[in-house]
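Undergrad: would you be able to build a 3D model of this:
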Amino acid sequence: MNDKMFPNLIQNYINHQWLSARAILAVKDYDLSTINITILNEIPGNTKTYLSIDAVINQEKFVIYPTEFLNSLDLTDIPSHVLTLKFGVFIIFIQNINLPRLCKGTRLSMKTLMNKIIEATILNGKFKGEDVLLPRIPMISTDMNFKFKSLQFPVRLTFAMTINKVQGQSLQLFGLNLEIHASHIDSCM
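TA: A predicted model of the protein is given here:
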């Protein structure tokens, strides 16, 4: 499916109009990660990996929820502990920090990868074509029964996204990934 949705990726990944017009839609977050990493690896260039800094807010719960456990979580409102990016990759903003310019759902293309800040070009909306600087920001998860803070760039790779996340997006071409993996079937039985 990657070849059908992103044909001639090596020639087209820096074409913002081409890139922002397409996406692969999937049902499960597990599938998103797999698809996004596969496409990331097809794009030429060096990767840069950013690790989050995670900690529970209530220090008394540190023993129950050690940093290694927090790093392993994959939540919808917090970026992954390991965020791997490249020049030209397609990302989506997952927090509101500078309304209306940088809000949840804004799609961007990576431009410059630095240690403490990244530069990206906005691909959709009123500010399409503008370059923005994105800092690492502290985010507090609301998906768990305890609170923890993660310091990371508020973005995710987004060649593929869930059907829920695509609401409000304008796409000219999309593909549906409806594959069911054996590991998902076994866990449902």
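Undergrad: C-alpha coordinates for the lengthiest helix in the chain, PDB please?
TA: Longest helix in the chain by number of residues (criterion: DSSP state H): helix 29-42. This file holds the C-alpha atoms of helix 29-42, laid out as PDB (Å, rounded to 0.1, in the frame of the first residue of the first chain):
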ATOM      1  CA  ASP A  29      -2.000   2.800  16.600                       C
ATOM      2  CA  TYR A  30       0.200  -0.300  16.300                       C
ATOM      3  CA  ASP A  31      -0.300  -0.300  12.500                       C
ATOM      4  CA  LEU A  32       0.400   3.500  12.300                       C
ATOM      5  CA  SER A  33       3.800   3.100  13.900                       C
ATOM      6  CA  THR A  34       4.800   0.300  11.600                       C
ATOM      7  CA  ILE A  35       3.600   2.100   8.400                       C
ATOM      8  CA  ASN A  36       5.200   5.400   9.500                       C
ATOM      9  CA  ILE A  37       8.600   3.900  10.300                       C
ATOM     10  CA  THR A  38       8.600   1.900   7.000                       C
ATOM     11  CA  ILE A  39       8.000   5.000   5.000                       C
ATOM     12  CA  LEU A  40      10.500   7.000   7.100                       C
ATOM     13  CA  ASN A  41      13.100   4.500   6.200                       C
ATOM     14  CA  GLU A  42      12.400   4.800   2.500                       C
END
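Undergrad: any buried residues in it, and which?
TA: Using 16 or more other Cβ atoms under 10 Å as the burial criterion, the residues of helix 29-42 that qualify are Asp31, Leu32, Ser33, Thr34, Ile35, Asn36, Ile39, Leu40. No exception for glycine: its C-beta is placed from N, CA and C like everyone else's.
Undergrad: tell me the secondary structure for Asp3?
TA: Of the three states, Asp3 takes helix under DSSP: H, G, I helix; E, B strand; the rest coil.
Undergrad: again but with Leu19, I slipped
TA: Under three-state DSSP, Leu19 comes out as helix.
Undergrad: so how far is Asp54 from the closest residue to it other than its chain neighbours?
TA: Spatial nearest neighbour of Leu19, chain neighbours left out: Phe90 (5.5 Å); criterion: Cβ to Cβ, 6 or more residues apart in numbering. Phe90 sits 25 Å away from Asp54, taking Cβ to Cβ, to the nearest Å as the criterion.
Undergrad: those two - which one has more neighbours?
TA: Phe90 (27 against 23; other Cβ atoms under 10 Å).
Undergrad: show me the beta-bridge partners of that one.
TA: Ser109 (DSSP bridges).
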